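Q: I would like the atomic coordinates for the input below:
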Amino acid sequence: MILEQLPEVQKWSPAMKLQLASELWDEALAHQEDIPVTLAQRTEIERCMAEFEKEPSKVTTWDAVKARILAGRGRE
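A: Coordinates of the predicted model:
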């Protein structure tokens with residue numbers, strides 16, 4: 001696991017780890033043409049997009065999910 005190779009990151013708060021994950025995701029998306037996608041993955045993406053286009057109100061944004069996660073961390 002990559003995290004085991006980064007002992008300093010293991011000491012970070014959950015909020016900082018979530019922020020890092022978000023930034024890594026954004027960086028990966030900026031170079032998505034370099035990310036191989038299998039036929040099964042492409043099929044699932046297309047299925048999800050069709051579902052979203054059919055009923056966009058049923059979708060939760062990443063910002064909403066992240067806020068909910070971070071709010072839950074404060075209750076521990």
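
Q: In the protein, where is pLDDT below threshold?
A: By pLDDT under 70, the low-scoring segments of the chain are 73-76.

Q: Spell out the residue ranges of the helices in it.
A: Per DSSP state H, the chain carries helices over the ranges 7-10, 14-30, 39-54, 62-73.

Q: can you give me how far the third one is from the chain middle?
A: On the basis of Cα atoms, centre = their mean, to the nearest Å, helix 39-54 sits 17 Å off its chain's mean C-alpha point.

Q: re earlier: looking at the helices of the chain, spot the one closest to residue 1.
A: Each of these was scored for nearness to residue 1 using Cβ to Cβ, and the closest is helix 7-10 (10.4 Å). All C-beta spots, glycine's among them, are computed from the backbone N, C-alpha and C.

Q: which secondary structure elements does the closest one contact?
A: Judged by 3 or more Cβ pairs under 8 Å, 6 or more residues apart in numbering; DSSP states H and E, helix 7-10 has no packing partners among the helices and strands.

Q: Alpha carbons of it, as PDB, please.
A: Below are the C-alpha coordinates for helix 7-10, written out as PDB (Å, rounded to 0.1, in the frame of the first residue of the first chain):
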ATOM      1  CA  PRO A   7       4.400   7.500   7.500                       C
ATOM      2  CA  GLU A   8       4.000  11.300   7.800                       C
ATOM      3  CA  VAL A   9       0.700  11.200   6.000                       C
ATOM      4  CA  GLN A  10      -0.600   8.500   8.300                       C
END
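
Q: what comes up buried for that helix?
A: Residues of helix 7-10 classed as buried under the neighbour-count rule (16 or more other Cβ atoms under 10 Å) do not occur.

Q: How far off centre is that helix?
A: Counting by Cα atoms, centre = their mean, helix 7-10 is centred 20 Å from the centre of its parent chain.

Q: and if you look at stretch 47-59?
A: 18 Å.

Q: So what touches it?
A: The set of residues external to stretch 47-59 that reach it, using Cβ atoms under 8 Å, 6 or more residues apart in numbering, is empty.

Q: any idea how far residue 18 is from residue 12?
A: When Cβ to Cβ, to the nearest Å is the yardstick, residue 12 and residue 18 sit 10 Å from each other.
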